[in-house]
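> okay, here's the prediction I keep looking at, along with the sequence it came from:
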Amino acid sequence: MNKMILSATRFSLAAERVWGDEQQDFVCNTLQPGCRNVCYDHFFPISHIRLWALQLIFVSTPALLVAMHVAYTRHEKKRRFRKGEKIDIEELKNQRIHIRGPLWWTYTSSIFFRVVFEAVFMYVFYYMYDGYQMPRLVKCDAWPCPNTVDCFVSRPTEKTTFTIFMLAVSGICMMLNLAELCYLVIKVCTKESGKAAVLK
């Protein structure tokens, strides 16, 4: 949890420095009132920072559900121990929870949904901003602009670099989650096939 908070803080500080001037320095070669705001809204319907913050919330939520399930399992074990049921005391002292049964399904589902959320947000970024490269110049003819106007994006190279870095991190996280998901499924399949062989 601390690592998650630290990552979120570092992300917000870095993103704020790169995109802090996003709308203020979006310049169009017209003095028509409202034209610059409409063009900015057309090309950047959602701020990169807010979209990344939303991604962070969606990707972190499944992990919180697993943490809640683990806390509930520990609480139930302690409650059963107090009632006099036989429970491994060492396991209870070490606070170790084995990933099996309902917890296995919760944990596996959380990894699956993290992969899905990462993939969906990568697609949303590509679709919403027409690719991952930030253009230097965009042409806008939306009302109330009098004609097609040229609008210039502030620090496009830096923004492109940061966007690609963030997407690369998302891609690495997605691959690691997929690898863990495959490992968990293969481990369970191997264990089940071993049990079946013993029964035969």
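Structure's in. What do you need? Numbering: from 1, shown residues only.
> CA atoms for contacts and neighbours, from now on please.
Noted.
> where does pLDDT dip in the chain?
Within the chain, the stretches with pLDDT under 70 are 1-21, 81, 84-97, 194-200.
> now the strands for it?
Per DSSP state E, the chain has strands spanning 27-28, 137-140, 149-152. These are given in chain order.
> who are the packing partners of the shortest one?
I take that to be strand 27-28. If you count contacts as 3 or more CA pairs under 8 Å, 6 or more residues apart in numbering; DSSP states H and E, strand 27-28 packs onto strand 149-152.
> now swap in the second one and tell me
With contacts defined as 3+ CA pairs under 8 Å, 6+ apart, the secondary structure elements packing on strand 137-140 are strand 149-152.
> could you list the buried residues of the strand it packs on?
Taking 16 or more other CA atoms under 10 Å as the basis for neighbour counts, the residues of strand 149-152 that come out buried are 149, 150, 151, 152.
> just to check, the first one is in contact with residue 137?
No: taking CA atoms under 8 Å as the contact criterion, residue 149 and residue 137 are not neighbours in contact, 10.1 Å apart.
> please name the nearest non-neighbouring residue to residue 28.
The shortest distance from residue 28 to any non-neighbouring residue, by CA to CA, 6 or more residues apart in numbering, is to residue 151 (4.0 Å).
> in CSV, list the strands of the chain along with distance to residue 75.
As requested, the strands of the chain are exported to CSV (distance: least, CA to CA, whole Å):
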stretch, distance to residue 75
strand 27-28, 58
strand 137-140, 57
strand 149-152, 57
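> out of those, which is closest to residue 116?
With CA to CA as the criterion, residue 116 lies closest to strand 137-140 of the strands of the chain, at 31.6 Å.
> what count of nearby residues applies to residue 191?
A total of 12 residues lie near residue 191 under the criterion other CA atoms under 10 Å.
> measure it to residue 99 for me?
Remark: distance between residue 191 and residue 99 (CA to CA, to the nearest Å) = 13 Å.
> also residue 155?
As it turns out, when the distance is counted by CA to CA, residue 155 lies 47 Å from residue 99.
> could you do residue 118 as well?
In this structure, residue 118 lies at 24 Å from residue 99, with CA to CA as the measure.
> and if you look at residue 170?
25 Å.
> the two: which has the busier surroundings?
residue 170 (19 against 14).
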